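*Asks:* I'd like to go over a predicted model; first the sequence, then the structure.
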Amino acid sequence: MLENMVVGGFANNIPSKTIICGSKNAGKSSLSRYILNSLLNKYEKVAYIDTDAGQTEFAPPGMISLNIVSAPVFGPPFTHLSKPQSCYFLGSTSPKHNPDYYLECIKKLFETYNSLSTSEVLPLVINTHGWVKGLGLELMLKITSIFQPHHIVQLKIAKDQPISFETYLSNEKFAALHHLIDAVSVPAPSIFTSALDKRNAQLLVYLKECLVSGNTFRIGWNQLRIRSLNSQVSPSQILHAINGCIVGLCKDDTQYEFEDETERNFQETHKLPLILRTTPISECFGLGVIKSINIKEKTISIAAPIPISEMQKVNMILHGDVDLPSQLSVTVDTDTQLPYFTTTSISQGGIGSGEMKSRGVKRKGQV
């Protein structure tokens with residue numbers, strides 16, 4: 001019944017816009033793929049907007065994206081990573097750090113979809129995050145208002161108290177058919193049992209080409225702008241903060257003004273990167289890994305699975321908290337000294353002296 005209503009479209013050959021929502025582990029991604037594949041039985045292409053940066057479908061973790069799909073999608077996400085039509089880097093797997101920036105990026109994705117849908121019939125499937133309480137619920141309602149979908153498909157788990165989005169959206173000016181579906185709880189397979197495992201698998205597949213082949217680009221400091229998304233980092237420490245990290249590679253056309261001429265002269269004389277105080281809404285070409293920073297030559301080396309034609313346009317690095325998978329930091333030979341990695345604890349002598357907590361990191365004996 002749901003499939004027929006979604007795939008059937010509307011009068012005047014208007015394709016449907018369907019948003020999938022519900023709490024985490026309810027099966028939103030699986031249902032989104034099912035609806036996507038069903039639509040491909042009727043339409044040549046289907047647009048898919050992924051607003052869940054923690055469990056992405058086509059792009060690496062930490063990003064939200066618009067994808068134009070022309071072939072059925074099967075298997076877990078790491079088996080069908082592809083180049084998005086448009087994407088933005090959140091720098092995190094959750095929008096909680098910067099919800100306003102998150103919503104602005106979603107609006108940009110929808111604007112891109114609208115520009116494409118004017119020239120061809122393009123149904124839209126929107127997958128959402130599983131945060132449906134407090135701020136997460138507010139974001140969900142705002143996302144729904146942005147897209148104004150024809151169908152709202154809500155999955156609910158029996159143990160949860162059902163929160164009907166239809167009630168909250170009763171005052172909205174758009175009409176949508178609301179479908180409340182009971183989710184069936186199925187035990188997870190023994191492999192990739194956690195969200196972290198799935199994210200690491202996606203990152204490993206995404207980064208393998210550039211890290212194995214040594215596809216590294218070297219960029220001068222004075223050509224770059226740097227913005228730390230989810231933490232406050234002193235400008236004097238920003239290069240230390242990004243070294244060895246996953247970053248978003250973007251193009252920013254914003255014209256910035258220095259607070260005074262002294263600041264401008266200092267930055268230009270020392271050929272320093274421009275440290276941004278605000279986050280511009282700029283499309284992201286993809287992710288990269290900061291492999292090294294050459295203080296003498298004032299250059300940054302970045303490994304990235306991105307064509308050189310796009311890397312030549314990159315002028316901004318966004319630093320977030322998407323962690324490099326621990327598998328990329330260890331080897332079978334545990335006697336080898338590896339950069340940025342330790343298997344022993346450091347003494348804690350004050351605030352900030354403890355090691356960063358990271359889930360899923362193997363102990364020395366488990367490597």
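*Replies:* Ah, there it is.

*Asks:* measure the residue nearest to I126 when sequence neighbours are not counted to P60 for me?
*Replies:* Spatial nearest neighbour of I126, chain neighbours left out: I19 (4.3 Å); criterion: Cβ to Cβ, 6 or more residues apart in numbering. In short, each C-beta sits where N, CA and C put it, glycine included. Applying Cβ to Cβ, to the nearest Å, one obtains 23 Å for the distance of I19 from P60.

*Asks:* cool, and V132?
*Replies:* 24 Å.

*Asks:* In the protein, mark out all the helices, start to finish.
*Replies:* Secondary structure of the chain, counting by DSSP state H: helices at 2-8, 28-40, 99-117, 135-147, 165-168, 195-213, 238-242, 261-269, 308-311.

*Asks:* V132 and P60 - which one has more neighbours?
*Replies:* It is P60, of V132 and P60, that has more neighbours when counted by other Cβ atoms under 10 Å, with 25 against 21.

*Asks:* for the more buried one, what are its contacts?
*Replies:* With contact taken as Cβ atoms under 8 Å, 6 or more residues apart in numbering, P60 is in contact with L81, Q202, L203, Y206, G286, L287.

*Asks:* same thing with V314?
*Replies:* For V314, the set of contacting residues under the criterion of Cβ under 8 Å, 6+ apart consists of I219, L249, C250, K251, F285, I306.

*Asks:* Check what pLDDT S301 gets.
*Replies:* Residue-level confidence at S301 comes out at 92, pLDDT.

*Asks:* If we ignore the residues flanking it in sequence, what's nearest A71?
*Replies:* Using Cβ to Cβ, 6+ apart and skipping residues adjacent in sequence, the residue nearest A71 is L40, 7.3 Å away.

*Asks:* surely the one you found meets F74?
*Replies:* No: contact between L40 and F74 fails when scored by Cβ atoms under 8 Å: they sit 11.7 Å apart.

*Asks:* higher neighbour count, these two?
*Replies:* L40 (18 against 9).

*Asks:* Please list all residues in contact with the more buried one.
*Replies:* L40 makes contacts with V46, V69, S70, A71, P72, as judged by Cβ under 8 Å, 6+ apart.

*Asks:* Would you show me how to pick out the buried ones of those residues in PyMOL?
*Replies:* Once 16 or more other Cβ atoms under 10 Å is used to decide burial, the buried members of the contacts of L40 can be selected in PyMOL as follows:
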select buried, resi 46+69
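
*Asks:* Would you map the strands across the stretch 151-300 of the chain?
*Replies:* 151-156, 177-182, 216-220, 225-228, 246-250, 274-275, 284-294, 299-303 (DSSP state E, counting those that start in this stretch).

*Asks:* which of these sits most buried?
*Replies:* Of all these, strand 246-250 has the most neighbours on average by mean count of other Cβ atoms under 10 Å, namely a mean of 25.

*Asks:* gap between that strand and the chain center?
*Replies:* Averaging C-alpha positions (Cα atoms, centre = their mean, to the nearest Å) puts strand 246-250 11 Å from its chain's average.

*Asks:* what lines up beside that strand in the sheet?
*Replies:* Note on strand 246-250: by DSSP bridges, its sheet partners are strand 284-294 (antiparallel), strand 316-319 (antiparallel).

*Asks:* For the last one, give me every contacting residue.
*Replies:* For strand 316-319, the external contacting residues (Cβ under 8 Å, 6+ apart) are 89, 91, 224-229, 233, 238, 241-242, 245, 247-252, 273, 276, 279-280, 282, 284, 290, 300.

*Asks:* burial count for N215?
*Replies:* Other residues near N215 number 17, with proximity taken as other Cβ under 10 Å.

*Asks:* who touches it in this structure?
*Replies:* When contacts are counted by Cβ under 8 Å, 6+ apart, N215 is found next to E209, A303, A304, P305.

*Asks:* if you set the cut-off to 10 Å instead, what comes out?
*Replies:* Under the criterion of Cβ atoms under 10 Å, 6 or more residues apart in numbering, the contact list for N215 reads E209, G288, I302, A303, A304, P305, I306, P307, I308, M311.

*Asks:* my read: V247 touches G91, true?
*Replies:* Yes: with the criterion set as Cβ atoms under 10 Å, V247 and G91 qualify as a contacting pair; they are 8.6 Å apart.

*Asks:* Overlap of the contact sets of these two?
*Replies:* In the contact map built from Cβ under 10 Å, 6+ apart, the residues linked to both V247 and G91 are G62, R227, S228, L229, L318, H319, G320, V322.

*Asks:* Distance check, the fifth one against M63.
*Replies:* Spelled out, it's L318. From L318 to M63 the distance is 10 Å (Cβ to Cβ).

*Asks:* Counting neighbours around each, name which of the two comes out higher.
*Replies:* Per other Cβ under 10 Å, whichever of L318 and M63 has more neighbours is L318, with 27 against 24.

*Asks:* Bridged to the more buried one, which residues?
*Replies:* According to DSSP bridges, the partner residues bridging L318 are R227, G248.
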